[in-house]
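quick one: sequence and predicted model below, then my questions.
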Amino acid sequence: MVRARLWGTDGEAALLGEVRLSFSRDRKPVPTARKGGLLAGLVAFLLTANGAARAEPTPPASVKKPAASGRAARGPLGRTRRPLTDQDILDQAQAAYIRGERQHAIDLATGIAEKGGELAGPAWRFIGLVACSVRAYRLATRAFGNIMAPDDQEALILACKSNGLSFINREFVER
């Protein structure tokens, strides 16, 4: 018996479909059970001999029809996208930093920081730390001025010092 599980690629851990195949005595694959929608039907079709034993695909219960019309409102496989929250954008900025895309990370976090709100503080802290890592002393100084927590300010000073920036008269400068 062969079992194939199909997972979404848009960051969600949603099971898109599952196909189980058994083999008949003449070694032809026969789908014994299938859950999921069009993708599971396609896999079942491809795994069987020229689709001879395929069944019509049924949409999975977890996939809902998009509320808005048009391709922009749908993600992969026609699923609706939820609007990005500020936390999602800040998470994207952190992921961009890890991938080495420092300027993109700064741009994403700056949008959150300048908007204000409850995530402005964490966004400024992130911007300051990234600025220190790329030795952008003016941006690090700007971030320092927007960070209100003394512990976060101290962490920024230490991070910048370890990256070759000095802190003099409440400003970061190159050594």
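Arrived safely, thanks for sending.

from here on, just use CA atoms for contacts and neighbour counts.
Noted.

ok, now which ones touch the spatially closest residue to G121 that is not a sequence neighbour?
Nearest residue to G121 in three dimensions, chain neighbours excluded: I147, at 6.1 Å (CA to CA, 6 or more residues apart in numbering). By CA atoms under 8 Å, 6 or more residues apart in numbering, the contact list for I147 reads 121, 124-125, 153.

who wins for neighbours among those?
Highest neighbour count within these, by other CA atoms under 10 Å: W124, with 27 neighbours.

wait, it sits on G145?
No. The pair W124 and G145 does not pass the contact test of CA atoms under 8 Å, sitting 9.1 Å apart.

mind checking the SS state of V173?
Assigned by DSSP: H, G, I helix; E, B strand; the rest coil, the conformation of V173 is strand.

for it, give me the pLDDT.
With respect to pLDDT, V173 has a value of 95.

how about R79?
74.

go on, the one 10 residues further on?
In the prediction, the pLDDT value recorded for I89 is 95.

ok so, going back, dump the contacts of I147 to CSV, plus pLDDT and secondary structure.
Shown next, in CSV, are those (pLDDT from 0 to 100; DSSP: H, G, I helix; E, B strand; the rest coil):
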residue, pLDDT, secondary structure
G121, 94, helix
W124, 97, helix
R125, 96, helix
Q153, 95, helix
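
which single one of the residues you listed is nearest to R138?
Nearest to R138 among the contacts of I147, counting by CA to CA, is W124 at 13.3 Å.

just the buried positions in the helix or strand where A93 lies, please.
Element membership for A93, per DSSP states H and E: helix 86-98. For helix 86-98, a neighbour-count test (16 or more other CA atoms under 10 Å) marks 86, 89-90, 92-94, 96-97 as buried.

then stretch 103-123?
Under the neighbour-count criterion of 16+ other CA under 10 Å, stretch 103-123 has 105-106, 108-110, 112-113, 119-123 buried.

same question for stretch 129-139.
Residues 129-133, 135-139 are the ones in stretch 129-139 that count as buried (16+ other CA under 10 Å).
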